[in-house]
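Chemist: task: produce atomic coordinates for the following.
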Amino acid sequence: MERIETGARVALRFTLSLADGTRVEGTAPGEAPWEVVVGGGDLPAGLDRCLIGLAVGERGRYFVAAADAYGKRDDNAREILPRADFPADVDLIPGMAFSFTLPDGREAMGQVMAVTAGAVEVDFTHPLAGQDLIFEVDIVAIGGH
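Modeler: Down below sits the predicted model:
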């Protein structure tokens with residue numbers, strides 16, 4: 001029976017919840033499984049480790065401490081950006097998540113913290129940073145490396 005190793009492409013159904021049970025994201029019933037490459041940066045290392053050794057048809061429920069998931073909150077990850085850097089037709093509201101393209105081409109998420117006429121304060125700490133998580137998985141398929 002094939003088991004998940006680092007580098008494997010895995011199709012899975014999952015639910016990611018806060019430690020208090022609040023569902024954050026996941027695959028809905030009937031929705032196509034989510035595909036990830038274990039150890040490929042698709043998931044934080046702590047979530048990847050939960051998958052190692054599982055086989056098709058296996059399910060698991062794992063507690064993942066904040067340090068092994070998205071790390072600690074970083075109060076130094078806030079930046080003030082010009083309002084002109086955002087689309088004029090978007091009504092920016094504190095708490096809103098926004099996707100940014102970094103100079104190296106990678107995508108990063110930021111959360112709008114405050115908005116003034118000329119500036120927007122954005123927190124680039126991952127929204128789940130500082131949160132202990134529950135990761136529930138159902139392995140659907142394991143592909144090659």
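
Chemist: correct me, but Lys72 touches Leu128?
Modeler: No. Lys72 lies out of contact with Leu128 (CB atoms under 8 Å); the separation is 11.3 Å. (C-beta placed from N, C-alpha, C; glycine too.)

Chemist: give me the neighbour count for the residue nearest to Ala19 when sequence neighbours are not counted.
Modeler: Residue nearest to Ala19 in three dimensions, not counting chain neighbours: Asp132, with 4.0 Å by CB to CB, 6 or more residues apart in numbering. Close neighbours of Asp132, defined as other CB atoms under 10 Å, add up to 15.

Chemist: for Asp132, grab phi and psi.
Modeler: When quoted as degrees, to the nearest 10, the phi and psi of Asp132 stand at phi -80, psi 140.

Chemist: where in the protein is pLDDT low?
Modeler: Judged against pLDDT under 70, the low-scoring parts of the chain cover residues 144-145.

Chemist: the strands in it, which residues?
Modeler: In the chain, the strands defined using DSSP state E lie at 9-18, 23-26, 34-37, 59-64, 78-82, 97-101, 107-115, 119-123, 133-142.

Chemist: show me the contacts for the residue positioned nearest the centre of the chain.
Modeler: Of all residues in the chain, the one closest to the mean position by CA atoms, centre = their mean is Leu43, 6.8 Å from it. Residues touching Leu43, when contacts are defined by CB atoms under 8 Å, 6 or more residues apart in numbering, comprise 36, 51.
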